[in-house]
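In: After the sequence you'll find the predicted model.
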Amino acid sequence: MRFLLDAEQREFARSLDGLLASSDTPAAVRSWAAGDHAPGRALWARLSEAGVFALAVPERHDGLGPLPLDLAVAFTELGRHAVPGPLVETVAAAALLDRLGDPDAAAAHLPGIASGKTVATLCLTALGPYALDADAADTVLVVDGDVLRAGAAPGPVQPSADPARRLSRPSSGGTVLARGPAVASAA
């Protein structure tokens, strides 16, 4: 197994570092924490142009991946620059939708995630009742036991130890995308 990045991956990291260094992420984080998502969404668009979200989506759904090592390179830079938004949740939602094997659910959500047009968040009720940054998400996915729902409306934003991570309790509504043991094992 090889643990060193190749030249292309190092260049990808450098390009993301340059993009993020010129993007004033501290201002985007402050705006995000205040409920103004416009600067964060503008940064999201720049990241999608760089292909960050496509790395999590299979090619058959307009993505480039899944490419876990390249995602790790990207998320190292995203973390270093403290980029706001449900980045991890969007990638986790893409992985969940891909692993379920439901072609309709995947086709409905994965191309938007790959292009960066869809910001997704994920609530795993076994871990807690909240979805992070649901107030800014286009898609809220909820895994409740062996049921996966989409479109659950977020409730009011709750206080959080990190104001840039806005917590909302999704409603119990939404469209059931999948049901059964495959949901629980994929989550």
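Out: Thanks, I have the structure now.

In: List the contacts of residue 90.
Out: 53, 56, 113, 118, 119, 120, 121 (CB atoms under 8 Å, 6 or more residues apart in numbering). For glycine as for every other residue, the C-beta is placed from the backbone atoms N, C-alpha and C.

In: cutoff 6 Å now
Out: Residue 90 makes contact with residue 120, according to CB atoms under 6 Å, 6 or more residues apart in numbering.

In: what ranges do the helices span in this structure?
Out: Using DSSP state H, the helices found in the chain span residues 7-21, 25-33, 38-49, 68-80, 87-100, 103-115, 181-186.

In: For residue 144, find the nearest of those.
Out: Closest to residue 144 of the helices of the chain is helix 181-186 (CB to CB; 9.0 Å).

In: can you tell me how far the residue nearest to residue 88 when sequence neighbours are not counted sits from residue 36?
Out: Nearest residue to residue 88, sequence neighbours excluded (CB to CB, 6 or more residues apart in numbering): residue 75, at 7.5 Å. Residue 75 sits 24 Å away from residue 36, going by CB to CB, to the nearest Å.

In: where in this structure is pLDDT low?
Out: The chain contains residues with pLDDT under 70 at 1-2.

In: how close does the residue lying closest to residue 111 once chain neighbours are set aside sit to residue 152?
Out: Once flanking residues are discounted, residue 111 sits nearest to residue 62: 4.5 Å by CB to CB, 6+ apart. Counting by CB to CB, the gap from residue 62 to residue 152 is 25 Å.

In: So between these two, which is more surrounded?
Out: residue 152 (22 against 15; other CB atoms under 10 Å).

In: Might you report the residue contacts of that one?
Out: Contacts of residue 152 were listed using CB under 6 Å, 6+ apart, and they are 140, 142, 170, 171, 173, 174.

In: Strands - which of these land there?
Out: Within the contacts of residue 152, residues falling in strands by DSSP state E are 140, 142, 170.

In: so which of those comes closest to residue 101?
Out: Of all the ones in strands among the contacts of residue 152, residue 101 sits closest to residue 142, with 19.0 Å by CB to CB.

In: Please work out how many residues are found near that closest one.
Out: So residue 142, with other CB under 10 Å, has 24 neighbours.

In: can you pull up the bridge partners for it?
Out: When assigned by DSSP bridges, residue 142 has beta-bridge partners residue 123, residue 149.

In: from what I can see it touches residue 171, true?
Out: No. Taking CB atoms under 6 Å as the definition, residue 142 is not a contact partner of residue 171, at 8.8 Å.

In: Appreciated, that's everything.
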